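Undergrad: Let me see the structure of the following:
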Amino acid sequence: MAFFIDGQEILTLNVDGTVVETITIDNVTVARKPVITTQPIGGAIAPDGSITLSVVADGLGSTMAYQWHNSDGSPVSGATDPSYAFNANETGVFGFYCVVSGFGGSVQSDTATVTVEAAGSAHVLTIGMKDGALYDVIGFSKGSDVAGNLQPTMTDLGDECEYFGETVYVEGTKFGGAVFTGSFKAGTVTFIIEGFRTVVSTTSNSPDYFLDGTYGCVFDPTTTADFYSFLTSNMNSEVGVTIQFEPS
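TA: The predicted structure is shown next:
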């Protein structure tokens with residue numbers, strides 16, 4: 001319920017200079033400052049994407065007003081509803097919170113964090129195989145009869161992908177992952193492989209796997225085995241691969 005005097009809703013009540021936040025009559029609270037019952041939740045979106053942040057507040061029936069703010073405290077122009085649609089136009093990390101006002105004053109929501117990530121570089125590649133003297137390559141390799149090459153365009157990652165797939169060596173050992181050519185860049189690479197699954201790996205320049213001038217990602221043994229099965233069962237098929245890079 002709301003608090004009325006002579007039919008007029010009262011949102012601000014002062015007694016001896018102190019704002020009254022709660023009114024109780026016969027042990028029943030008839031008016032109080034709003035309480036946020038559902039906090040806004042952020043997320044990750046692409047630079048041209050959008051996300052709707054929402055807050056739910058309980059003001060016991062009193063009229064409530066909403067104002068969204070940036071994390072630095074500045075108000076977001078025109079964002080005066082319980083929900084705010086944020087439309088991204090640049091990459092970065094952004095924070096938003098909502099101030100809900102009603103009887104007895106205002107309450108501030110938690111800050112919701114929205115991460116705007118570049119969408120990554122997308123490629124359509126043909127799965128191929130190359131027989132070598134010491135190893136067989138299955139996947140996508142630059143400059144060989146294994147088709148396709150990958151050229152990530154993410155922040156801090158513009159190097160060419162020399163190889164992406166799985167290598168089976170003569171002695172039976174296997175290497176699954178990707179090799180980039182260029183100066184080593186530390187970070188996390190996410191491969192979104194159509195028909196397979198999303199694989200997240202950390203870049204490495206270990207001499208056990210990479211030569212001078214190359215670095216890349218090494219898949220764990222389970223992923224390597226699964227990837228090998230996927231590649232061999234889809235030989236000569238076109239597959240979409242998206243690469244996202246996040247520097248550490």
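Undergrad: low-confidence ranges in this protein?
TA: 1-4, 6-7, 10-17, 19-22, 118-119, 143-157 (pLDDT under 70).
Undergrad: quick one: the helices in it?
TA: For the chain, the helices defined by DSSP state H occupy 221-233.
Undergrad: For the residue nearest in space to the middle of the chain, name its beta-bridge partners.
TA: The geometric centre of the chain, computed from its C-alpha atoms, lies nearest to residue 44 (Cα atoms, centre = their mean), at 3.0 Å. Beta-bridge partners recorded for residue 44 (DSSP bridges): residue 115.
Undergrad: Residue 32 contacts residue 23, doesn't it?
TA: Yes: counting by Cβ atoms under 8 Å, residue 32 touches residue 23, with 7.3 Å between them. Heads up, the C-betas are built off the backbone N, CA and C, glycines and all.
Undergrad: quick one on the thing from earlier: mind listing what the residue nearest to the centre of the chain touches?
TA: Contact partners of residue 44, counting by Cβ atoms under 8 Å, 6 or more residues apart in numbering, are 114-117.
Undergrad: Where neighbours are concerned, which of the residues you listed has the most?
TA: The most crowded member of the contacts of residue 44, judged by other Cβ atoms under 10 Å, is residue 114 (22 neighbours).
Undergrad: and the gap between it and residue 70?
TA: According to Cβ to Cβ, to the nearest Å, residue 114 stands 11 Å off from residue 70.
Undergrad: tell me, what's touching these two both at once?
TA: 94-96.
Undergrad: top of these by neighbour count?
TA: Counting by other Cβ under 10 Å, top hit in the shared contacts of residue 114 and residue 70: residue 96 with 22 neighbours.
Undergrad: hang on, that residue packs against residue 110?
TA: No: assessed by Cβ under 8 Å, residue 96 is found out of contact with residue 110, at 10.0 Å.
Undergrad: hey, what's in contact with both of the two?
TA: Common neighbours of residue 96 and residue 110 are listed as residue 40 (criterion: Cβ under 8 Å, 6+ apart).
Undergrad: Where do the domain boundaries of this protein fall?
TA: 4-116, 121-247 (automatic domain parsing).
Undergrad: how far does the shortest one sit from the chain's center?
TA: Read it as domain 4-116. Counting by Cα atoms, centre = their mean, to the nearest Å, domain 4-116 is centred 25 Å from the centre of its parent chain.
Undergrad: returning to what we had before: neighbour count winner among residue 32 and residue 23?
TA: Neighbour count, other Cβ under 10 Å: between residue 32 and residue 23, residue 32 has more, with 20 against 16.
Undergrad: What's the separation between that one and residue 60?
TA: 6 Å.
Undergrad: so what sits against both of the two?
TA: Common neighbours of residue 32 and residue 60 (Cβ under 8 Å, 6+ apart) are residue 103.
Undergrad: and which of the shared contacts of residue 114 and residue 70 is nearest to residue 193?
TA: residue 94 (29.5 Å; Cβ to Cβ).
Undergrad: Which residue is the nearest non-sequential neighbour of the closest one?
TA: Distance criterion Cβ to Cβ, 6 or more residues apart in numbering; nearest residue to residue 94, sequence neighbours excluded, is residue 114 at 4.7 Å.
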